[in-house]
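[1] Below is the sequence, then the predicted model.
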Number of protein chains: 2
Amino acid sequence: MAALAGVSKSTVSNVIRGTDGVAAATRERVDRAIEILGYRPNVLARQFVQQRTTILGVLVGDLDNPFYAEMAKRIERYAFDAGYTAMFCNIEGEGDEDFALSRVESLLEQRVAGIVFLAFFGRSPDVQRRLDATAPVVFAGLREDWGDSVSVSDSGGAKLATEHLIGLGHRRIAYLTTDHVEARASRARLAGYRSAMRAARVKAGPAITWAADSEFATIKGQQVSLVDELTGRRGVTAVFCSNDLGAIGLLEFADRHGIDVPGQLSIVGFDNVQLAGLARISLTTVSQPFDDIARIGIQAVLGRLSGSITGPFRHEVVKPSLVVRTSTAPPRASR
Amino acid sequence: MAALAGVSKSTVSNVIRGTDGVAAATRERVDRAIEILGYRPNVLARQFVQQRTTILGVLVGDLDNPFYAEMAKRIERYAFDAGYTAMFCNIEGEGDEDFALSRVESLLEQRVAGIVFLAFFGRSPDVQRRLDATAPVVFAGLREDWGDSVSVSDSGGAKLATEHLIGLGHRRIAYLTTDHVEARASRARLAGYRSAMRAARVKAGPAITWAADSEFATIKGQQVSLVDELTGRRGVTAVFCSNDLGAIGLLEFADRHGIDVPGQLSIVGFDNVQLAGLARISLTTVSQPFDDIARIGIQAVLGRLSGSITGPFRHEVVKPSLVVRTSTAPPRASR
DNA sequence: CTGTCCGCGTGGAACGTTCCAGCGAGCGTA
DNA sequence: TACGCTCGCTGGAACGTTCCACGCGGACAG
């Protein structure tokens, strides 16, 4: 106890926390004593008495997926800038709902100050209630209605992509999703695609669900051959994919089957992960402003924590933009 | 206090911690009371009295780099499996030593149980001393001598790569590094490359340092044009790169300058990030067993924590393997 | 001169665990 | 019967903060 420097522990506490009501001279004296003794306040004791930490829990879909890795990095940075540290939980994918919930529980046990969801699936009224009671929640990069959220306009982004394809002259355009996890985003993107098609008076193409690496896909629950869909007599000339990883998977699929991109098939992705910008990939895609999403997301949590934001959940929507690269081109006249 | 179930708090504590010396009947009774009251032990209080957490600090180079993201994911998973949570700190790169040290300090303040370094630069005897005293340290994926480490055999991997190129018939082979951060690994890989060249009685080529995206590079401190090095009269036919990201950068560089890979130039990388396996990249590379490294690294920290490992630092070395893809081929006879 | 108020600092309670010394009952043994 | 040992449980101290009620002295107003 640095009280050896002439004051009580209460005063030391006041100095450290910067409480006012401490005379300048005293503060000075205490600071010097702290310096001399190399005294460090015990974070664990502070956390204990306050019953909360300065840790933010972050739920990540899958760090192998650059989308999450790139978001995670930015979340961590903004959290750190605000004096918080980030505790990451990776919840693989494949809809393992119980696992995700158990991770949330363990974050709550750790008494994290707040939770940032970069991905979510699973619903548990029980966990939700405990969350409401203990820690502010923000969804960053996706939208859910039981917490603040900040996300790109899925429909807006889908429109950008679709209008780009239509503008190039495509008329037979498919929507392709590989998602299970972010089903909600995927649906919103599908809706945006359809609305853009409708607005251009073009008949919407099939909505394809595909497990990357498979030869088959499903349309309205019917299994189909993906090659047929892309090259058959009624095949499409362009595909809008619900995310970059799916688009890149499709690119590779096309390569394997000798389908020329963009000669025979144009492909648009969604996210603009760094990978999409490699010259060898060069994917036209809808860019999400990762940095803005992370910044606003952290601000939301901090605002709730400090009480500067109260009331009903806020849903910030940021603007996507289109990055045109070389995976899209006008359809071949010959077709 | 669940003592309302007929026992003292000490007994409850004993039951929760699974101490033996509690009668089965009592244990049963306490368990039931816990169930009924929905009682949850207060982690913060426990941490306070024990003066340590079950958090592992993880220092990551840059999550935008898939190498770190893929390692981070696996570290997190093994930590979780062992009952620990992972607190990540991203220390961008570019040698910002003070920043890295301040992140380590903040982890120590949080009283993390141990620290896993996936990257490191900067040396501070002061911080090192505090680390020694408070938390076990493991380097995963790189080797340092002031903590346990688990890493791939850099020289062994470099040999695999170099021998592969020599085996294909290459004689003019360069070593290229883009590293600043992991200078140590880069040096070890260079050494492995040189020793393989010597063993095959081939004259070692230049050791090139390159900042990706630049037209220029340096050899022994001399600035040179990278194109000249690759295509000039005395140009090389193959390059062994110190890591995949550098190799992919070089691939793109070659594309931009109309240098055919592997026709004119063979390229080998190091790491085998998932990205390298994309058909459009298809990089021949030295594979690091990420999963093993993460597992062994976590085991090391846990072993130190439990006291089952004591004594001098251990340096586990795991075996790399070569993954041959299409960025390498025999040199053109015509040259 | 007295009463009041304010600025500054103090001491102790509280937080919920873990840890430890100790105690009582029951049992086996001399 | 008496003694000691073991098992099971208990009660209190300790951990290092924060928070709060209070006390003291000086300044200022009446």
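    Happy to help now that I have it.
[2] Whatever residue of the stretch 51-200 of chain A ends up closest to DNA strand C: neighbouring residues, count only.
    At 7.1 Å from DNA strand C, A:Q51 is the closest residue in the stretch 51-200 of chain A, using C-beta to the nearest atom of the strand. Where C-beta positions appear, they are placed from N, C-alpha and C, glycine not excepted. Other residues within reach of A:Q51, judged by other C-beta atoms under 10 Å in any protein chain shown, total 11.
[3] Pretty sure it sits against A:R111.
    Yes - in this structure A:Q51 lies within contact range of A:R111 using C-beta atoms under 8 Å: 6.6 Å.
[4] tell me, what's touching those two both at once?
    Listed as contacting both A:Q51 and A:R111 by C-beta atoms under 8 Å, 6 or more residues apart in numbering or on different chains are B:L44.
[5] hey, where'd the helices end up in the stretch 201-335 of chain A?
    Remark: helices assigned in the stretch 201-335 of chain A by DSSP state H, counting those that start in this stretch are A:226-231, A:244-256, A:290-306.
[6] Out of the ones you listed, the one nearest A:G122 is which?
    helix A:290-306 (20.0 Å; C-beta to C-beta).
[7] Mind listing what's buried along stretch A:243-258?
    Judged by neighbour count (16 or more other C-beta atoms under 10 Å in any protein chain shown), stretch A:243-258 contains these buried residues: A:N243, A:D244, A:L245, A:G246, A:A247, A:I248, A:G249, A:L250, A:L251, A:E252, A:F253, A:A254.
[8] any bit of it sitting next to chain B?
    Yes - using C-beta under 8 Å from any C-beta of the partner chain, stretch A:243-258 reaches chain B at A:I248, A:L251, A:E252, A:D255, A:R256.
[9] thought the second one was touching A:L265?
    No - A:L251 is not in contact with A:L265 according to C-beta under 8 Å; the separation is 9.2 Å.
[10] ok now stretch A:240-257, how far from the chain's centre?
    Averaging C-alpha positions (C-alpha atoms, centre = their mean, to the nearest Å) puts stretch A:240-257 21 Å from its chain's average.
[11] Stretch A:262-272 now?
    With C-alpha atoms, centre = their mean, you get 22 Å for stretch A:262-272.
[12] what's the span of that stretch from first residue to last?
    Distance between the two ends of stretch A:262-272: 18 Å, counting by C-alpha to C-alpha, to the nearest Å.
[13] List the buried residues in it.
    A:P262, A:Q264, A:L265, A:S266, A:I267, A:V268, A:G269, A:F270, A:D271, A:N272.
[14] how about the second one, what does it touch?
    Meaning A:Q264. If a contact means C-beta under 8 Å, 6+ apart, then A:Q264 has A:T231, A:T237, A:A254, A:R332, A:R335 as its contacts.
[15] among these, which ones are buried?
    A:T231, A:T237, A:A254.
[16] is stretch A:16-36 anywhere near chain B?
    No - using C-beta under 8 Å from any C-beta, stretch A:16-36 never reaches chain B; the gap is at least 13.1 Å.
[17] residues in contact with that stretch?
    Under the criterion C-beta under 8 Å, 6+ apart, residues A:A2, A:L4, A:A5, A:G6, A:V7, A:T11, A:V12, A:S13, A:N14, A:V15, A:Y39, A:P41 lie in contact with stretch A:16-36.
[18] Next step: these restricted to helices.
    Judged by DSSP state H, the subset of the contacts of stretch A:16-36 located in helices is A:T11, A:V12, A:S13, A:N14, A:V15.
[19] Make CSV out of those residues and add pLDDT and distance to DNA strand C.
    Formatted as CSV, the ones in helices among the contacts of stretch A:16-36 follow (pLDDT from 0 to 100; distance: C-beta to the nearest atom of the strand, whole Å):
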residue, pLDDT, distance to DNA strand C
A:T11, 93, 4
A:V12, 94, 8
A:S13, 95, 8
A:N14, 94, 6
A:V15, 94, 9
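[20] list the buried ones in stretch A:172-192?
    Buried, per 16+ other C-beta under 10 Å, within stretch A:172-192: A:172-179, A:181-182, A:184-190, A:192.
[21] What are the boundaries of the helices in the stretch 1-150 of chain A?
    Under DSSP H, counting those that start in this stretch, the stretch 1-150 of chain A gives helices at A:9-17, A:24-37, A:43-50, A:66-81, A:97-109, A:125-134.
[22] Tell me the helices and strands packed up against the last one.
    Using 3 or more C-beta pairs under 8 Å, 6 or more residues apart in numbering or on different chains; DSSP states H and E as the contact definition, the elements that helix A:125-134 packs against are helix A:97-109.
[23] Could you confirm whether the helix it packs on reaches DNA strand C?
    No - using C-beta under 7 Å from any atom of the strand, helix A:97-109 stays clear of DNA strand C, with a minimum separation of 11.1 Å.
[24] before we move on, the earlier item: would you reformat the helices of the stretch 201-335 of chain A as JSON lines and include mean pLDDT?
    Below are the helices of the stretch 201-335 of chain A laid out as JSON lines (pLDDT from 0 to 100):
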{"stretch": "helix A:226-231", "mean pLDDT": "92"}
{"stretch": "helix A:244-256", "mean pLDDT": "96"}
{"stretch": "helix A:290-306", "mean pLDDT": "96"}
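[25] Brilliant, that's me finished.
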